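Chemist: Could you work out the structure for the sequence below:
(one chain, ligands or ions: 1)
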Amino acid sequence: MLPIIRQTGFSAIKRSSRFLATTQRLSFSTGMMLKENAKTETPGAKFNYMQLGTLNHVAIATKDANKAKLFYETVLGANPANISEKIPQEEHGVYTVFISLGNTKIELLEPLGEKSPILKFLEANPNGGIHHICINVKDINKAVEQVKANNVRTLGNIKIGAHGLPVIFLHPKDCLGVLIELEESKH
Ligand SMILES: C[C@@H](C(=O)O)C(=O)SCCNC(=O)CCNC(=O)[C@H](O)C(C)(C)COP(=O)(O)OP(=O)(O)OC[C@H]1O[C@@H](n2cnc3c(N)ncnc32)[C@H](O)[C@@H]1OP(=O)(O)O
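Modeler: Sure thing, here's the model as predicted:
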């Protein structure tokens with residue numbers, strides 16, 4: 001039994017059990033070794049404070065965003081009023097088109113420039129495919145602190161994303177094979 005449980009009574013036991021369950025789930029699902037001292041720290045101080053929010057968008061890489069946009073509109077019946085223009089995101093090396101679905105969005109990504117981060121993905125997947133998911137977080141700095149404490153690599157620094165809000169990408173090799181973008185948002 002951990003020293004913290006012996007010393008601080010029943011409510012601490014409940015909190016510690018919840019915390020340990022959380023760290024065990026994290027350890028199981030990511031297959032990563034959690035830092036040795038994490039189990040003895042105050043519940044919530046190092047883990048689970050980033051407050052994962054709703055799904056912001058699912059991003060689909062494509063060689064031609066206008067063609068993809070037409071597919072969503074004409075074949076899948078997306079309301080044109082819910083589809084954005086194709087917008088260059090110079091800092092990210094992509095063009096984006098957003099299709100609002102009410103509770104979330106689809107982001108169509110087309111490469112912009114020779115250094116676009118989605119070029120290799122499209123080489124490997126010439127017909128395009130799901131490139132990343134974006135999840136809202138309340139505080140991106142805390143989120144970065146928490147993922148780094150769990151040995152998840154961030155890709156580059158926090159940047160301003162397509163919605164004018166801070167975003168950061170997490171390495172797919174550290175996230176069960178999924179490229180994850182976190183966006184600081186109230187949702
Ligand atoms: C506008 C903005 C916004 O929404 O606000 C955006 O969306 S910007 C959207 C575009 N921006 C970004 O994606 C920024 C973050 N992305 C990156 O830094 C990069 O694209 C990486 C994810 C590191 C991939 O790098 P790179 O293209 O050089 O490929 P790589 O061949 O070295 O990839 C290393 C390993 O990761 C895998 N890998 C690569 N891309 C992946 C993806 N999207 N999902 C899952 N796995 C992926 C590869 O298969 C490879 O695995 P193996 O080693 O097993 O073969």
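
Chemist: Alpha carbons of the helix or strand in which residue 56 is found, as PDB, please.
Modeler: Assigned by DSSP states H and E, residue 56 belongs to strand 52-61. C-alpha atoms of strand 52-61 as PDB (Å, rounded to 0.1, in the frame of the first residue of the first chain):
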ATOM      1  CA  LEU A  52     -10.200  16.600 -22.900                       C
ATOM      2  CA  GLY A  53     -13.200  18.300 -24.600                       C
ATOM      3  CA  THR A  54     -15.200  17.600 -27.600                       C
ATOM      4  CA  LEU A  55     -14.100  16.400 -31.100                       C
ATOM      5  CA  ASN A  56     -13.100  19.500 -33.000                       C
ATOM      6  CA  HIS A  57     -12.600  17.900 -36.400                       C
ATOM      7  CA  VAL A  58     -11.500  14.800 -38.400                       C
ATOM      8  CA  ALA A  59      -9.000  15.800 -41.000                       C
ATOM      9  CA  ILE A  60      -8.900  14.100 -44.400                       C
ATOM     10  CA  ALA A  61      -5.800  14.500 -46.600                       C
END
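
Chemist: after that strand, next one along is what?
Modeler: Moving toward the C-terminus from strand 52-61, the next helix or strand (DSSP H and E) is helix 65-70.

Chemist: which helices and strands sit right next to that following helix?
Modeler: With contacts defined as 3 or more Cβ pairs under 8 Å, 6 or more residues apart in numbering; DSSP states H and E, helix 65-70 has these neighbours: strand 94-100, strand 105-111. Every residue, glycine included, has its C-beta placed from N, CA and C.

Chemist: From residue 77, how far off is the closest residue to the ligand within the chain?
Modeler: The chain approaches the ligand most closely through residue 161 (2.7 Å), counting by Cβ to the nearest ligand atom. Separation of residue 161 from residue 77 (Cβ to Cβ, to the nearest Å): 27 Å.

Chemist: same check, this time on residue 92
Modeler: From residue 92 to residue 77 the distance is 29 Å (Cβ to Cβ).

Chemist: sorry, back to before: would you mind listing the buried residues in the strand holding residue 56?
Modeler: By neighbour count on 16 or more other Cβ atoms under 10 Å, the buried set for strand 52-61 is 53, 56-61.

Chemist: Let me know the helix or strand that residue 143 is in.
Modeler: Per DSSP H and E: helix 140-149 holds residue 143.

Chemist: For the strand holding residue 56, enumerate the helices and strands it packs against.
Modeler: strand 105-111, strand 129-137, strand 180-184.

Chemist: quick one, which of the ones you listed is packed in tightest?
Modeler: Ranked by mean neighbour count, the helices and strands packed on strand 52-61 are led by strand 105-111 with a mean of 23 (mean count of other Cβ atoms under 10 Å).

Chemist: what pairs with that one, and is each one parallel or antiparallel?
Modeler: Applying DSSP bridges, strand 105-111 is found paired with strand 52-61 (parallel), strand 94-100 (antiparallel).
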